[in-house]
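>>> Mind looking at a prediction? Sequence and model below.
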Amino acid sequence: MTEPAAYTEKPADPWHLAHHFSSPQQQFDSGKLGIWLFLTTEILLFSGLFCAYAVFRANHPEIFVYAHAYLSKPLGALNTMILIFSSFTMASAVRAAQLGQTRWLVRLLAVTLFCGGAFLGVKFIEYKAKWEEGLLTGGDYRPEAPPPGAVVPPEQKPAAATAKPQAAAPVQGLVIERSSIPPAAVGPSGLSPQWLANTPAHPADRWHGPEPYNVQVFFSFYFVMTGLHGIHVLGGMGAIAWVLVRARRGEFGPRYFSPVDFTGLYWHLVDLIWIFLFPLLYLIT
Amino acid sequence: MASYSGVETAAATGAVEPAGLGHVVPLGVLAAVWGGLVVLTALTVAAADVDLGNLNLYIALAIAGTKATLVVLYFMHLRYDRPFLLVVFLGCLGFVVLFISLALTDARAYAPSLVPGQAPAMKDVHTPFGTKD
């Protein structure tokens, strides 16, 4: 029989190691996989909106070509620059945490938080302008003026008042009855190149000019996509504020920086979504 | 809660692990990526003013894709992380591509025939399985 090994006291676990993990490395890797799985669900959440955007845009490009000119390109570009810079400071903050530079970590997190606030401030200016110009969704779309530089295709204007739906052609022995639903918008899947003017459906307090049908749908996309993104910016700012408080207490360093790292990954994802939202809503014609 | 003392703890415990967890991205790389993102943003704004027809959409998406790749690889340090995280991320992107492309294929293929003769403007649309008449 062999002698049992002499008892040696196991070293105490560091305070940041949760009891169900065997080592800081394992804890870090588990957390990392967890945050990435969460990020994939976020991507899929937004991809539903991008999918709707793609289908609607494919069917009615004229709405997007027309209405995107209502958006302020300079403000959109400014917000892109703000988010990109905040991503840079966030990535640098993670680096500072990994190197144990607490002072720099606090500073960089504060700058990132400030950039998030600046982004929402610019967004507020944009939303306010849309509100005042009557550029809202559904029945609240009451534009005061056409978008700057709006081009009305000349060949489509004259047909506006007189165009009548053609009689339905018999198909395979059946006569398809005309729907009583009004004609669809101008576009690849549209029925006829008609333009709206003074239709009774629209109140008198709006601008009455030639424009494609259903422009208000563009603003539904605009507000839902940028709004959901804005909510994510708010959530990211909350997480950064929490990490900032903990960083000030000196809790983070080379062997424990998971909250900083994972908050950073979330913040970068918010940046990533905006990188696609900006050209798709503001730029593409 | 105790304040951080990671280095001392590592020394005291005689841990087999290295002093720090994860890869530290050099500051120069981060700054270069930021510069690249700024340049690409300026590029995509400038490209939007040039009317290239359908090409505008693809140029804008290509630039956005490049920016996203930079962010994911360096800011989100996926380049230095365990490859399994890349598999998770790319798997997710695969599903995004699947959803959007199938939805688009469906929209493009069926819209003209939903109600015959109701969408004459879509006669010439390319269909994946030969021409429609």
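Nice, I can see it. Numbering: from 1, shown residues only, chains lettered A, B, ... in the order given.
>>> Number of residues surrounding residue B:71?
Per other C-beta atoms under 10 Å in any protein chain shown, the neighbour tally for residue B:71 reads 23. Glycine gets a C-beta too; all of them are placed from N, C-alpha and C.
>>> next one: residue A:133
Neighbour count for residue A:133, taken as other C-beta under 10 Å: 15.
>>> Same question for residue A:220.
Look at residue A:220: counted by other C-beta under 10 Å, it has 16 neighbours.
>>> Same question for the one 3 residues further on.
Number of residues near residue A:223 (other C-beta under 10 Å) recorded here: 16.
>>> Need phi/psi at the nearest residue to residue A:19 once chain neighbours are set aside.
Of all residues not flanking residue A:19 in the chain, residue A:13 sits nearest, at 7.9 Å (C-beta to C-beta, 6 or more residues apart in numbering or on different chains). Dihedral pair for residue A:13: phi -70, psi 140, per degrees, to the nearest 10.
>>> Please apply the same query to residue B:78.
With angles defined as degrees, to the nearest 10, residue B:78 sits at phi -70, psi -20.
>>> ok so, going back, can you check the pLDDT for the residue nearest to residue A:19?
At residue A:13, the predicted lDDT confidence score is 77.
>>> can you map out the helices along chain B?
Applying DSSP state H to chain B gives helices spanning B:6-13, B:27-48, B:55-70, B:83-114.
>>> can you put those in JSON lines and add mean neighbour count, mean pLDDT and distance to residue A:217?
Formatted as JSON lines, the helices of chain B follow (neighbours: other C-beta atoms under 10 Å in any protein chain shown; pLDDT from 0 to 100; distance: least, C-beta to C-beta, whole Å):
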{"stretch": "helix B:6-13", "mean neighbour count": "16", "mean pLDDT": "43", "distance to residue A:217": "54"}
{"stretch": "helix B:27-48", "mean neighbour count": "17", "mean pLDDT": "95", "distance to residue A:217": "22"}
{"stretch": "helix B:55-70", "mean neighbour count": "17", "mean pLDDT": "93", "distance to residue A:217": "19"}
{"stretch": "helix B:83-114", "mean neighbour count": "14", "mean pLDDT": "85", "distance to residue A:217": "15"}
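>>> So which of those helices is nearest residue A:34?
With C-beta to C-beta, the closest approach to residue A:34 among the helices of chain B belongs to helix B:83-114: 10.7 Å.
>>> how about the closest one, does it reach chain A?
Yes - Helix B:83-114 is in contact with chain A by C-beta under 8 Å from any C-beta of the partner chain, via B:84-85, B:88-89, B:91-93, B:95-96, B:99-100, B:103-104, B:107-108, B:111-112.
>>> Report the angle between that helix and helix B:55-70.
Angle of helix B:83-114 versus helix B:55-70, following axes from the mean of the first three to the mean of the last three C-alpha atoms, to 10 degrees, is 160 degrees.
>>> Please report how far the residue of the stretch 51-200 of chain A found nearest chain B lies from residue B:97.
Relative to chain B, the nearest point of the stretch 51-200 of chain A is residue A:88 (3.9 Å; C-beta to the nearest C-beta). Separation of residue A:88 from residue B:97 (C-beta to C-beta, to the nearest Å): 28 Å.
>>> isn't the residue of the stretch 51-200 of chain A closest to chain B right next to residue B:31, touching?
Yes - with contact defined as C-beta atoms under 8 Å, residue A:88 counts as touching residue B:31 (7.4 Å).
>>> which sections of the stretch 101-250 of chain A are below the confidence cut-off?
Along the stretch 101-250 of chain A, segments meeting pLDDT under 70 span A:150-205, A:208.
>>> Please repeat the previous calculation with a cut-off of 50.
Applying pLDDT under 50 to the stretch 101-250 of chain A flags the ranges A:153-171, A:186-200.
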